[in-house]
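Undergrad: Sequence and predicted structure are below.
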Amino acid sequence: LICTPGTYKWHKWEGASRCTACLGGKYSPGEDATECTPCAEGSYANSEGSSACTQCPPGSYSFAEGSVSCLLCPAGTYSSTTGLSRCVQCSAGKYLASIGATSASACSACDPGYFAPSSGHTSCTPCSSGKFSGSIGAEECLDCSLGKYASSHANSACTECARGFYSDDSGASQCASCYP
């Protein structure tokens, strides 16, 4: 009994054997296999009787051996090549809200007034009061300098204290009166 690719020789007892299809997530590439091999990370076999595994397409991944399907890259990540076992995170200062992205260009830079301090963010965080980010793609917010303040969130710049008011601390959210 010679088994075809995608199957393996199953021995029930000595002298009795039959060809059995490999289960999903496994394959046998040649004739007369005695067992099926699990698909490697980054690939899958979605049906029984596979003679080869298929690499996960861009925008997806499989992190375990023996996968029957690929998972879409989660928000904050992408994969631009086939056969990945994990997706690549968008860099700090960028974010990605959607799933299944296929290139780094899908990651968007944070707007002024917002930041993403590390990689893999699904949204940008607004700068808190007393802080600002004046550029696109900020990884952090900066304190307002002396004599300036930012009373709200998501500031792209700080405001100078009005005449008769001051701030003697960096990161001020309001100015104090010069007169008691």
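TA: Perfect, thanks for sending it.

Undergrad: Only the buried residues of stretch 74-88, if you could.
TA: 74-80, 83-85, 87-88 (16 or more other CB atoms under 10 Å). Using the backbone N, CA and C atoms, a C-beta is placed for each residue, glycine as well.

Undergrad: Measure how far the helix or strand of the chain with the lowest mean pLDDT is from the centre of its chain, please.
TA: Least confident helix or strand of the chain, by mean pLDDT, DSSP states H and E, is strand 7-13 with a mean of 80. The chain centroid and the centroid of strand 7-13 are separated by 42 Å under CA atoms, centre = their mean, to the nearest Å.

Undergrad: again with stretch 2-10
TA: In terms of CA atoms, centre = their mean, the centre of stretch 2-10 is found 39 Å from the chain centre.

Undergrad: Buried ones in that stretch, by neighbour count?
TA: Judged by neighbour count using 16+ other CB under 10 Å, the buried positions of stretch 2-10 are 3, 5-9.

Undergrad: swap in stretch 89-97?
TA: In stretch 89-97, counting by 16+ other CB under 10 Å, buried: 89-96.

Undergrad: which residues are contacting that stretch?
TA: Identification of contacts with stretch 89-97 by CB atoms under 8 Å, 6 or more residues apart in numbering yields 75-78, 104, 106-110, 115-124, 137-139.

Undergrad: likewise stretch 110-130?
TA: With contacts defined as CB under 8 Å, 6+ apart, stretch 110-130 is touched by 75-77, 89-97, 132-141, 143-144, 149-156, 171-173.

Undergrad: got any ranges where the chain has weak pLDDT?
TA: 12-16 (pLDDT under 70).

Undergrad: can you tell me which two in the buried residues of stretch 74-88 are farthest apart?
TA: Largest separation among those by CB to CB: 75 and 83, giving 21.6 Å.

Undergrad: show me what contacts the spatially most central residue of the chain?
TA: By CA atoms, centre = their mean, the mean C-alpha position of the chain lies nearest to residue 77, the distance being 2.2 Å. The neighbours of residue 77, taking CB under 8 Å, 6+ apart as the test, are 87-90, 96, 101, 120.

Undergrad: Quickly note the distance from the residue nearest to residue 64 when sequence neighbours are not counted to residue 87.
TA: Of all residues not flanking residue 64 in the chain, residue 41 sits nearest, at 6.5 Å (CB to CB, 6 or more residues apart in numbering). Distance, residue 41 to residue 87, by CB to CB, to the nearest Å: 13 Å.
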